[in-house]
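Colleague: Below is the sequence, then the predicted model.
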Amino acid sequence: MVRNTWRPLDGVLLFDKPLELSSNNALQKVRRLYQAKKAGHTGTLDPLASGLLPICFGEATKFSMGLLDADKTYKTTIRLGQTTTTGDAEGEVIETRPVSVNEKQVNQVLQRFCGAIQQLPPMHSAIKHQGKPLYEYIRKGETIERTLRDVIIHKLSMERFEGNELEIVVRCSKGTYVRTLGEDIGQALGCGGYLTSLRRTAIAHFKLQTAYTLPQLEAMDDQQRDAIILPLDCMLQDFPALELDTNELKRMARGQRLGKDLGLPDGKIRLYSSGQFVGVGELLGTRLAPSRLISSVAKCAANIKSEAID
């Protein structure tokens, strides 16, 4: 069935983004397929990177904070012995050196990059300087001074090492540039290196194995596609949950704080009422304030206020 109008749709789709397609173009293709009024993605992937790209529909765009700050896992291949202008296969080779390392030496170097490290963001990145991404400056031959960033490499393991190809798996904190990591590893090995492939395999508790490709989605009918949409709170499973009674929900909807001794550390709380997800609260000590609520709750609050005025 071909739909003629955009429709309201809430939830999350785990999408397997293909190569040569930007994250935004992937988003638009999926959005058109679902004819969703509103959609956004979490965790941009470069066109030369593939893998897990969660796409949020409707109300889910409000609650993507759980994934934006989450750890991510990548599988990547480094071509040792050469460096390029971009740190990946898109750039021009600027230096070639012999590769004379063994697996033991590679593993020793990989261990040096585990834990808290600092990275210098590449010029070929979307980081903005005076409102423009850095890659626009480098295209004009300009280099912008950048500051080191603190990131955490939780896991770094070698999957394969053959000749001048090194395949590794990286689990890292948000803000990590795997391209820069590949360059730094090549430099530490004394031969240089650049990324030839990059595939994201996990974000938080979401795995690539449960994601869907564009051909798979196109082969489904409307009912099948809707059935694989995940609920709004799927991105927030690392946050503790709290059930609110009717009066507490009304107070939160009005923007009021609740006194709650939950025995939990300060931070985000998933909120439910009658077993239904209603939004996210922010706990500070024993005070729970509304952070983001679903639209139906906000509308209910507006009606309550109007009735009070009347």
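Modeller: Yep, that arrived.

Colleague: Settle this for me: Val101 is touching Ala188, isn't it.
Modeller: No: Val101 is beyond contact range of Ala188, at 10.0 Å (criterion: C-beta atoms under 8 Å). From N, CA and C alone the C-beta is placed, and that goes for glycine too.

Colleague: which ones are touching the nearest residue to Thr96 once chain neighbours are set aside?
Modeller: The shortest distance from Thr96 to any non-neighbouring residue, by C-beta to C-beta, 6 or more residues apart in numbering, is to Gln82 (5.1 Å). Contact analysis of Gln82 by C-beta atoms under 8 Å, 6 or more residues apart in numbering lists 93, 95-97, 192-194.

Colleague: Which of those are buried? Put it as a PyMOL command.
Modeller: A single PyMOL command selects the buried members of the contacts of Gln82 (16 or more other C-beta atoms under 10 Å):
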select buried, resi 192+193+194
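
Colleague: Nearest to Thr61 among the contacts of Gln82?
Modeller: Tyr194 (34.7 Å; C-beta to C-beta).

Colleague: Give me the three-state assignment for that closest one.
Modeller: strand (DSSP: H, G, I helix; E, B strand; the rest coil).

Colleague: Can you name the residues bridging to it?
Modeller: Here Tyr194 sits in beta bridges with Arg79, going by DSSP bridges.

Colleague: what's near enough to touch it?
Modeller: 78-79, 82-84, 86-89, 91, 179, 182-183, 186.

Colleague: now do 6 Å
Modeller: Neighbouring residues of Tyr194 by C-beta atoms under 6 Å, 6 or more residues apart in numbering: 79, 83-84, 87-88.

Colleague: ditto for Lys72
Modeller: Ile203.

Colleague: mind listing the strands for the stretch 51-200 of the chain?
Modeller: Using DSSP state E, counting those that start in this stretch, the strands of the stretch 51-200 of the chain run over 72-80, 82-84, 93-96, 115-119, 128-129, 132-133, 149-162, 165-172, 193-203.

Colleague: Need those in a markdown table (columns: mean pLDDT and distance to Asp238).
Modeller: Shown next, in a markdown table, are these (pLDDT from 0 to 100; distance: least, C-beta to C-beta, whole Å):
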| stretch | mean pLDDT | distance to Asp238 |
| --- | --- | --- |
| strand 72-80 | 98 | 14 |
| strand 82-84 | 95 | 37 |
| strand 93-96 | 96 | 42 |
| strand 115-119 | 95 | 21 |
| strand 128-129 | 61 | 28 |
| strand 132-133 | 66 | 30 |
| strand 149-162 | 96 | 15 |
| strand 165-172 | 98 | 15 |
| strand 193-203 | 96 | 12 |
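
Colleague: Compare those and give me the one nearest Ile294.
Modeller: Going by C-beta to C-beta, the one of the strands of the stretch 51-200 of the chain nearest Ile294 is strand 193-203, 22.4 Å.

Colleague: relative orientation of that closest one and strand 165-172 in degrees?
Modeller: Orientation of strand 193-203 against strand 165-172 (axes from the mean of the first three to the mean of the last three C-alpha atoms, to 10 degrees) gives an angle of 40 degrees.

Colleague: Leaving out the residues flanking it, which one is nearest to Phe206?
Modeller: In space, Phe206 is closest to Leu14, 5.9 Å off (C-beta to C-beta, 6+ apart).

Colleague: Closest to Val30 out of the contacts of Tyr194?
Modeller: After measuring the contacts of Tyr194 against Val30 - C-beta to C-beta - the closest member comes out as Asp88, at 25.1 Å.

Colleague: just for this structure, where's the confidence low?
Modeller: Residue ranges of the chain with pLDDT under 70: 1-4, 123-145, 298-310.

Colleague: Let me see the domain layout of it.
Modeller: 11-69+205-232, 72-203, 239-309 (automatic domain parsing).

Colleague: how far does the first one stretch from start to finish?
Modeller: Read that as domain 11-69+205-232. 5 Å (C-alpha to C-alpha, to the nearest Å).
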